[in-house]
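Student: Sequence first, then the predicted structure:
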Amino acid sequence: MGLIDLHFHSYYSDGIYSPAELAERALKTDRTVLSLTDHNGISGVAEMISEGKRRGLRIISGVEIYTQLQEHNLHLLGYNFDLQNKQLNEQLVKLQQERIPIIKQGIKTLQADNWLINEAEVFKTISVYIGLGHLGGLLKKHNWSRIKQDFAWQEGRILTVTEIIGRYFFQQGKAIFPETFIPIRQAIKLIHQAGGIAVLAHPGQHLSWKEWPIVAQLKKVGLDGLEAISGHHRWEDQEYWQKIARQLDLLITAGSDFHGELPAKWGFPLNSQWDYFKILSEKIKIR
Ligand SMILES: [Zn+2]
Ligand SMILES: [Zn+2]
């Protein structure tokens, strides 16, 4: 059969491709079981399902919800839920709407600091949950000479949007555009009542190895799986979190977290998390 990839983003959140383009790319890389997991939104899922069907791909409904547990920001993946579920849809719309005044306030903060950024242009997007990449891209587009100076930019150097976000979207360690989130227990329940399963995304990105008891704690409140195999993980993380998942009797899932290609000069060994993930996922070909 083919490879599986249960975590990537479309232009309905902060990815750059449409569901149709993602389905095409999946086909080219022999990925046949897929889940589109946009941030705090499921607007692209029905389209992903129909684009997948046309190409003979198996698409599982998916979402990535921003959640919190004490001081930890954790990302929770939901799979195989009812797309029409009322409570889930209402909660996601709430998270999207709560973000709007945050974005507006953040734009004002930037404008007060003489950045050229236009509110109407920011909101002119298909994305239902405005991501930092979108904001960073617009800041770069309209303020290139100022940014160039700040970074002592020289011809030939690729300045990534991530670098721009890191430098300008945090003041005294505080985010100008904080994400909207719900407590993780509530998110697990929300996924369950919609008939789905709840999986903790890329644990290696948020937790140190010593913090594995947090995963055990989540298992007790209904967590079903761990994304032990992730495009964010170093090789040793892939093994470590699989071991933890087996010990806690959690499902092991795999996802690239592909948003789009990374610039070649990023310093990353491969062009995209999608490429990185391909090497890993070949080992778990499903029959
Ligand atoms: Zn994530
Ligand atoms: Zn993601």
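Tutor: It's in. Ligands and ions are numbered 1, 2, ... in the order given.

Student: so where's this protein uncertain?
Tutor: For the chain, the stretches flagged by pLDDT under 70 are 1, 262-287.

Student: one more time with 80
Tutor: Scanning the chain for pLDDT under 80 picks out 1, 261-287.

Student: give me the residue from it nearest ligand 2.
Tutor: residue 257 (4.3 Å; CB to the ion). Every residue, glycine included, has its C-beta placed from N, CA and C.

Student: Contact residues of this protein facing ligand 2?
Tutor: By CB under 5 Å from the ion, the residues of the chain that approach ligand 2 are 64, 257.

Student: care to break the chain down by domain?
Tutor: Taking automatic domain parsing as the reference, the chain has its domains at 3-91+181-284, 101-175.

Student: I'd like those as TSV, with distance to ligand 1 appended.
Tutor: Output for those, formatted as TSV (distance: least, CB to the ion, whole Å):
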stretch	distance to ligand 1
domain 3-91+181-284	4
domain 101-175	11
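
Student: my guess is residue 185 meets residue 217, correct?
Tutor: No - because the distance of 9.9 Å does not satisfy CB atoms under 8 Å, residue 185 is recorded as not touching residue 217.

Student: Overlap of the contact sets of those two?
Tutor: Common neighbours of residue 185 and residue 217 are listed as residue 69 (criterion: CB atoms under 8 Å, 6 or more residues apart in numbering).

Student: what about the residue nearest to residue 170 when sequence neighbours are not counted, distance to residue 99?
Tutor: Closest residue to residue 170 apart from its sequence neighbours, by CB to CB, 6 or more residues apart in numbering: residue 176 at 6.7 Å. Here the distance between residue 176 and residue 99 works out to 13 Å (CB to CB, to the nearest Å).

Student: What of residue 13?
Tutor: Taken as CB to CB, the spacing of residue 13 relative to residue 99 amounts to 11 Å.

Student: same deal with residue 244?
Tutor: When CB to CB is the yardstick, residue 244 and residue 99 sit 32 Å from each other.

Student: Around residue 72, how many other residues sit close by?
Tutor: By the measure other CB atoms under 10 Å, the count of residues near residue 72 is 12.

Student: Can you list phi and psi of it for me?
Tutor: Listed backbone geometry of residue 72 is phi -90, psi 130, with angles given as degrees, to the nearest 10.

Student: same question, residue 251
Tutor: Main-chain torsions, residue 251, degrees, to the nearest 10: phi -60, psi 150.

Student: That one against residue 224, yeah?
Tutor: Yes - counting by CB under 8 Å, residue 224 is a contact partner of residue 251 at 5.7 Å.

Student: what about these two, which has more around it?
Tutor: Set side by side, residue 251 and residue 224 give different neighbour counts by other CB under 10 Å, the larger being at residue 224 (20 against 14).

Student: what's the spacing between the closest residue to the more buried one other than its chain neighbours and residue 214?
Tutor: Of all residues beyond its chain neighbours, the one nearest residue 224 is residue 197 (4.1 Å), with distances taken as CB to CB, 6+ apart. With distances defined as CB to CB, the gap from residue 197 to residue 214 amounts to 19 Å.

Student: Settle this for me: residue 256 is touching residue 9, isn't it.
Tutor: No - with contacts counted by CB under 8 Å, residue 256 stays clear of residue 9, the gap being 9.9 Å.
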